[in-house]
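Undergrad: Give me a model of this one.
(one chain, ligands or ions: 1)
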Amino acid sequence: MTELYDVAIVGAGAAGLTAGIYVSRKKLKNLIISVDVGGLTNLTNHIENYPGAGTQPGPDLMNKFFEEAKGFGSQFKYAKVEKVNKQSDGTFELLLEGGEKISSKTVILAFGSLPKMIGVPGETKFLGRGVSTCATCDAPLYKGKVTAVIGGGNSAVEGALELSNLATKTYLIHRREEFRADPITLEKLKASPNVEIITNATVLEIIGEKKVETLKLKTSFGDHLIKVDGVFIEIGHEVKADFIKGLVDLNAQNEVIVDLVGKTNVPGIFAAGDATINPYKQTVISAGSGATAALECYKYIMGSKAILSDWK
Ligand SMILES: Cc1cc2nc3c(=O)[nH]c(=O)nc-3n(C[C@H](O)[C@H](O)[C@H](O)COP(=O)(O)OP(=O)(O)OC[C@H]3O[C@@H](n4cnc5c(N)ncnc54)[C@H](O)[C@@H]3O)c2cc1C
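TA: Below you'll find the model as predicted:
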């Protein structure tokens, strides 16, 4: 007979790992299914706004979350969830990449988001060989090199600023005239002598032999080639929610619609973190919403027998 979990948690970032800690402490049998451990927090070298944790590399903080979840009793499976189905008996079936099926009384969705790509030739080919989606993580690799950052929001401008301290030259390429980034950061970037800002420009192709060598741009003055060693795509993140489409209500950005306690439209399915409509995408917020969703999930499973003060 297939094993039935109390809770299946999709995603092992801050939200999923915290949910794991909370449901484990309520003695619920839980399985965290995730492609990796740590999620996007792993991408930051210095997380300094997780209260009480001081400044530390994101992966170190996430490893502590992981050890705690495991220590309290969460089980882990490293796989991609490809589909969630509601069964006629009210339980859920999760289909994993490779064909395995997991059965659970409840599901907590904590699958975060993924960096958006621009979709030009060369982008996928050179990912990890000159193309990066995280300036904060990969900037140190480009000391003394020429770099380009694509985007116009805070992560692009902050990334370009960080790169300008290491690279000999940094281009910031933005498809519009106006920037969404905070004016104060943009001013700092404009004051950097080794930064060139190119507006109203789109990337046509990322060119190279074995690694990135050239960027082909379309500007209002025609097409241009610029020599670069690294291209940083910083155009935001997207929520990949195809595996729950049709079952769970999503907004136009594919974010899971939740109420204040993480309930979705489907009784028994909860959601937390960056994957939800919560507008503030931060590690501490994901952790907090993971805890909230876990407590609500416990209440759903236990009904009137639920003891809700978690510190007992
Ligand atoms: C470069 C960078 C720097 C940042 N710096 C900070 C900072 O300094 N401070 C701060 O508070 N926040 C920071 N953030 C934001 C923070 O990282 C996110 O808010 C946080 O990681 C969200 O946690 P989460 O658990 O909701 O999602 P994620 O961390 O995105 O975790 C989601 C998890 O789900 C898994 N997953 C996704 N889909 C599936 C699937 N179908 N099946 C199985 N598993 C799946 C993923 O592999 C991942 O493990 C930063 C983000 C970036 C990109």
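Undergrad: And for I33, nearest residue in space, chain neighbours not counted?
TA: K77 (4.8 Å; CB to CB, 6 or more residues apart in numbering). Where C-beta positions appear, they are placed from N, C-alpha and C, glycine not excepted.
Undergrad: ok, residues contacting the helix or strand encompassing that neighbour?
TA: Secondary structure assigned from DSSP states H and E places K77 in strand 75-78. With contacts defined as CB atoms under 8 Å, 6 or more residues apart in numbering, strand 75-78 is touched by 12, 30-37, 70, 96, 102.
Undergrad: buried subset of the residues you listed?
TA: Applying 16 or more other CB atoms under 10 Å to these, the neighbour count classes 12, 30-35, 37, 70, 96, 102 as buried.
Undergrad: Quick check: the farthest pair among the residues you listed?
TA: K70 and L96 (19.8 Å; CB to CB).
Undergrad: quick one on the thing from earlier: which of the buried ones among the contacts of strand 75-78 fall within strands?
TA: Among those, DSSP state E puts 12, 30-35, 37, 96, 102 in strands.
Undergrad: show me which of the residues you listed neighbour the ligand.
TA: The residues of those that also fall near the ligand, by CB under 6 Å from any ligand atom, are 12, 33-35.
Undergrad: mind checking pLDDT for the closest residue to H237 other than its chain neighbours?
TA: Once flanking residues are discounted, H237 sits nearest to S113: 3.9 Å by CB to CB, 6+ apart. On pLDDT, S113 comes in at 95.
Undergrad: For this protein, give the helix that spans the most residues.
TA: helix 283-302 (DSSP state H).
Undergrad: Which other helices and strands does it contact?
TA: strand 4-12, helix 14-25, helix 58-72, strand 101-109, strand 269-271 (3 or more CB pairs under 8 Å, 6 or more residues apart in numbering; DSSP states H and E).
Undergrad: so how far is it from its chain's centroid?
TA: 18 Å (CA atoms, centre = their mean, to the nearest Å).
Undergrad: near the ligand, which residues of the stretch 151-300 of the chain?
TA: 243, 273-275, 281-284, 286.
Undergrad: Quick check: of those residues, which has the highest neighbour count?
TA: Comparing those by number of neighbours (other CB atoms under 10 Å), G273 comes first, having 33 neighbours.
Undergrad: circling back to that earlier point, who does the strand holding K77 pair up with?
TA: strand 30-37 (parallel) (DSSP bridges).
Undergrad: average pLDDT across the strand it pairs with?
TA: 98.
Undergrad: then that strand to CSV, C-alphas only?
TA: Extracted C-alpha coordinates of strand 30-37, given in CSV (Å, rounded to 0.1, in the frame of the first residue of the first chain):
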residue,chain,number,x,y,z
ASN,A,30,5.9,15.2,6.5
LEU,A,31,8.0,14.9,3.3
ILE,A,32,9.7,17.9,1.7
ILE,A,33,10.0,17.4,-2.1
SER,A,34,12.4,19.8,-3.8
VAL,A,35,14.7,20.2,-6.7
ASP,A,36,17.4,21.7,-4.3
VAL,A,37,17.8,22.7,-0.7
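Undergrad: List the contacts of it.
TA: 5-13, 16-17, 20, 23-24, 42, 62-63, 66, 69, 73-81, 94, 96, 102, 104.
Undergrad: what's the spacing between A110 and G262?
TA: Plainly put, A110 is 10 Å away from G262 if you go by CB to CB, to the nearest Å.
Undergrad: Mutual contacts of these two, please.
TA: Contacts common to A110 and G262, judged by CB under 8 Å, 6+ apart, are 271-272, 293.
Undergrad: Let me know the closest of the residues you listed to the ligand.
TA: Nearest to the ligand among these, counting by CB to the nearest ligand atom, is A272 at 6.7 Å.
Undergrad: Count residues in the vicinity of the residue nearest to H237, would you?
TA: Using other CB under 10 Å, S113 has 21 neighbouring residues.
Undergrad: Likewise for the one 10 residues further on?
TA: The number of residues packed near E123 is 19, by other CB under 10 Å.
Undergrad: repeat for the one 10 residues further on
TA: Using other CB under 10 Å, the number of residues around T133 comes to 22.
Undergrad: Nice, that's everything, thank you.
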